[in-house]
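# this is the structure alone, sequence omitted:
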């Protein structure tokens, strides 16, 4: 739920409660005021009656208990009754001719004295119709509630939207923020202190994350670069040493072993460097590359290695597959996949490559069980005990595929199958 | 043949100097931009090995200077950076080759020789070694006057070994040169063996032979 609607909803509930309670209180307060003024009127009427009786005593003797002729009636009472008489106001129903219904009336009972005669005096007056009052009041209250609600919604939408604009702007910026892109967040000045604080905090935070990200990327690249020279010196020194004629066979082989390991280190280093270069988007130039053509060349390059491993690489179907990519990376991608099949494939078996217009498959027989798909493409996820493998080949292939939105996947159907699914262009 | 090495790493420089001097090149070496600039202003070199990451300047700047001075010597950029930009910029500025560190000494020699050959057009297009005659243009090989057909890999192996005839060429160096850098992750370099066997067979009547050294590498023998 949006912030705007959220506050509106709360306000609506709160207002409903508030107005309802207020309406009830208001109703009773008003009713009391009405009674009060009715009763005052009735009492006043009594004084007027008593004054009139002094002038026209005939009103004292009329007998009209049903209030057919007048709105008052005098009834003689005894002295004791008069002395104990308590004034009272009460509500009763009376048939109203105009309404053709019983309607509430207010009855005032009091006692009066005329000479030495005592009378009970009853005066009636028509009363407010409570049900009508409730109806009217409810209608007005609901009207008020709706108007209040509408204006709150309107104000919320107008005012809050304007006030919260920097906040929504920031959210939009954060939503679009991708650390790999290296773009920083654009901040909008706001007159509201809290938003400025939020903005500057977010700005600092994203800046810091970006810096850390760049530093981490740079670190691998720098470390790899710094390793190149000492590796070069060591390898060359050993090569020079090997050229000396006075070495025994075992010395030569020891040196060769050291050289071999240094070269492994070099390969590892180069692979790491390549990975960070791919991730740092350092291969910008792109062209349309024919994967069928490329596959043919690479397979030819690997023929000797395949023969040595008593394997054969067969390009089963060879349709045209063209894709816009950096050619060097395309080569590395295919080489890593083909090499992977060659190294992990079973001796004496066939490696099959299928090229379709939007797909590139390679399958080989190997261990008759599926590999762990989740860790397969991770760095240093080594399958088997191949000491010469850097554990980076498939990670590099994956990084290249990801870079060009090609889906590189693995599945096992008796054979190990790697598939490059090219995006539709 | 005069070679200038511009390299700020003293041990790297020493290795290259030692190795190149074995080939009887006249090797000079400097370790910074300033002295390199002085040298190229005064002398002419057949080949300059240029490290572009110098402490007091960019090696690419030296390339520009060389171009300005109209010097004809070949230039091989030697760089620890292996960056595509540097490679393209370097070649654009007239460098002949780009060799990323680390490299095999055998590879360095092959590159230097190739540059020398390319630069001296009037030079020999025919290499003669023992009773073997190689035409570098047509890539054809004659042994005792008889033409023998070598496939691309056999020819490349032979030429690489001839280029490095005084030294032991490790299997790794040979594999990377002939089969390309990408062969490197292969589980061993033993796959060279079958090509080597074919090559030896074809050299049966030649006075040169390829000798395996302790399973470490190969060396060209002239009998």
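Arrived safely. Source: prediction; values computed, not measured.
# and the residue of the stretch 251-400 of chain A nearest chain B?
Nearest residue of the stretch 251-400 of chain A to chain B (Cβ to the nearest Cβ) works out as residue A:308 at 3.4 Å. (C-beta placed from N, C-alpha, C; glycine too.)
# ignoring the adjacent residues along the chain, who's closest to that residue?
Nearest residue to residue A:308, sequence neighbours excluded (Cβ to Cβ, 6 or more residues apart in numbering or on different chains): residue B:191, at 3.4 Å.
# wait, that neighbour sits on residue A:310?
No: using Cβ atoms under 8 Å, residue B:191 is not in contact with residue A:310; the gap is 10.9 Å.
# neighbour count for the two, which is higher?
residue B:191 (22 against 10; other Cβ atoms under 10 Å in any protein chain shown).
# contacting residues for that one?
Residue B:191 makes contact with A:304, A:305, A:307, A:308, A:309, B:175, according to Cβ atoms under 8 Å, 6 or more residues apart in numbering or on different chains.
# and with 7 Å instead?
By Cβ atoms under 7 Å, 6 or more residues apart in numbering or on different chains, the residues touching residue B:191 are A:304, A:305, A:308.
# residue contacts, residue B:43?
Applying Cβ under 7 Å, 6+ apart to residue B:43 gives no contacts.
# and for residue A:156?
Neighbouring residues of residue A:156 by Cβ under 7 Å, 6+ apart: A:4, A:7, A:8.
# re earlier: roughly how far apart are the residue nearest to residue A:308 and residue A:343?
For residue B:191, the distance to residue A:343 equals 12 Å [Cβ to Cβ, to the nearest Å].
# list the contacts for the closest residue to residue B:51 other than its chain neighbours?
The shortest distance from residue B:51 to any non-neighbouring residue, by Cβ to Cβ, 6+ apart, is to residue B:7 (4.5 Å). The contact partners of residue B:7, taken as Cβ under 7 Å, 6+ apart, are B:13, B:16, B:29, B:31, B:51, B:78.
# hmm, try it at 10 Å
Neighbouring residues of residue B:7 by Cβ atoms under 10 Å, 6 or more residues apart in numbering or on different chains: A:229, B:13-17, B:29-32, B:36, B:49-51, B:53-54, B:59, B:78, B:101.
# which residues in chain A form strands?
Using DSSP state E, the strands assigned to chain A run over residues A:72-77, A:88-96, A:101-114, A:117-126, A:287-290, A:312-318, A:322-325, A:350-356, A:359-364, A:407-413, A:415-421.
# parallel or antiparallel, list what pairs with the fifth one.
In other words, strand A:287-290. Neighbouring strands of strand A:287-290 in its sheet, by DSSP bridges, are strand A:322-325 (antiparallel).
# average pLDDT across the strand it pairs with?
Summarised as a single mean, pLDDT over strand A:322-325 is 92.
# list the buried residues for that strand?
With burial defined by 16 or more other Cβ atoms under 10 Å in any protein chain shown, the residues of strand A:322-325 counted as buried are A:323, A:325.
# by proximity to chain B, which residue of the stretch 51-200 of chain A wins?
Residue nearest to chain B within the stretch 51-200 of chain A (Cβ to the nearest Cβ): residue A:182, separated by 18.2 Å.
# tell me how far the residue nearest to that residue when sequence neighbours are not counted lies from residue A:195.
Closest residue to residue A:182 apart from its sequence neighbours, by Cβ to Cβ, 6+ apart: residue A:210 at 6.6 Å. Distance, residue A:210 to residue A:195, using Cβ to Cβ: 22 Å.
# before we move on, back to that, need the residues touching each of residue B:191 and residue A:343.
A:305, A:309.
# how about the helices in chain B?
Secondary structure of chain B (DSSP state H): helices at B:10-22, B:33-42, B:59-68, B:84-92, B:105-119, B:152-163, B:171-179, B:192-202.
# what's the longest helix in chain A?
In chain A, ranked by residue count with DSSP H as the criterion, the top helix is helix A:3-55.
# okay, the angle between it and strand A:101-114?
Here helix A:3-55 points in a direction 40 degrees away from that of strand A:101-114 (axes from the mean of the first three to the mean of the last three Cα atoms, to 10 degrees).
# and helix A:3-55, what does it pack onto?
helix A:58-61, strand A:72-77, strand A:88-96, strand A:101-114, strand A:117-126, helix A:130-155, helix A:165-176 (3 or more Cβ pairs under 10 Å, 6 or more residues apart in numbering or on different chains; DSSP states H and E).
# at 7 Å what do you get?
The contact analysis (3 or more Cβ pairs under 7 Å, 6 or more residues apart in numbering or on different chains; DSSP states H and E) places helix A:3-55 against helix A:58-61, strand A:101-114, strand A:117-126, helix A:130-155.
# quick one, domains of chain B?
B:2-119, B:126-222 (automatic domain parsing).
# tell me, how many residues neighbour residue A:82?
Neighbours of residue A:82 under the rule other Cβ under 10 Å: 16.
# any low-confidence regions in chain B?
Along chain B, the model assigns pLDDT under 70 to residues B:121-124, B:184-187.
# which bits of it sit near chain A?
With Cβ under 7 Å from any Cβ of the partner chain as the criterion, chain B comes near chain A at residues B:9, B:11-12, B:15, B:18-19, B:80-81, B:84, B:101-105, B:167-168, B:170, B:172, B:179-180, B:182-187, B:190-191, B:194-195, B:213-216.
# are any of these buried, and if so which?
Taking 16+ other Cβ under 10 Å as the criterion, what is buried in those is B:9, B:12, B:15, B:19, B:80-81, B:84, B:101-105, B:167-168, B:170, B:172, B:179, B:182-187, B:191, B:195, B:213-214, B:216.
# ok, back up a step: do you know how far the residue nearest to residue A:182 is from residue A:199?
16 Å.
# ok, residue A:222 next?
In terms of Cβ to Cβ, residue A:222 sits 33 Å off from residue A:199.
# neighbour count winner among those two?
Taking neighbours as other Cβ under 10 Å, residue A:222 and residue A:199 compare with residue A:199 leading, 22 against 13.
# chain neighbours aside, what residue packs nearest to the more buried one?
Distances taken as Cβ to Cβ, 6+ apart put residue A:187 closest to residue A:199, at 4.7 Å, once the chain neighbours are dropped.
# was I right to think that neighbour contacts residue A:201?
No: using Cβ atoms under 7 Å, residue A:187 is not in contact with residue A:201, being 10.5 Å away.
# those two: which has the busier surroundings?
Neighbour count, other Cβ under 10 Å: between residue A:187 and residue A:201, residue A:187 has more, with 17 against 10.
# show me the contacts for residue A:406.
Residues counted as contacts of residue A:406 (Cβ under 7 Å, 6+ apart) are A:420, A:421, A:422, A:423.
# what about the residues you listed, which one has the most neighbours?
Greatest neighbour count in the contacts of residue A:406, by other Cβ under 10 Å, goes to residue A:420: 24 neighbours.
# who's in contact with that residue?
Counting by Cβ under 7 Å, 6+ apart, residue A:420 makes contact with A:359, A:360, A:401, A:406, A:408.
# can you name the residues bridging to it?
With DSSP bridges as the criterion, residue A:420 is bridged to residue A:360, residue A:408.
# which pLDDT value belongs to it?
Confidence at residue A:420, expressed as pLDDT, is 95.
# chain B versus that one, what's the distance?
18 Å (Cβ to the nearest Cβ, to the nearest Å).
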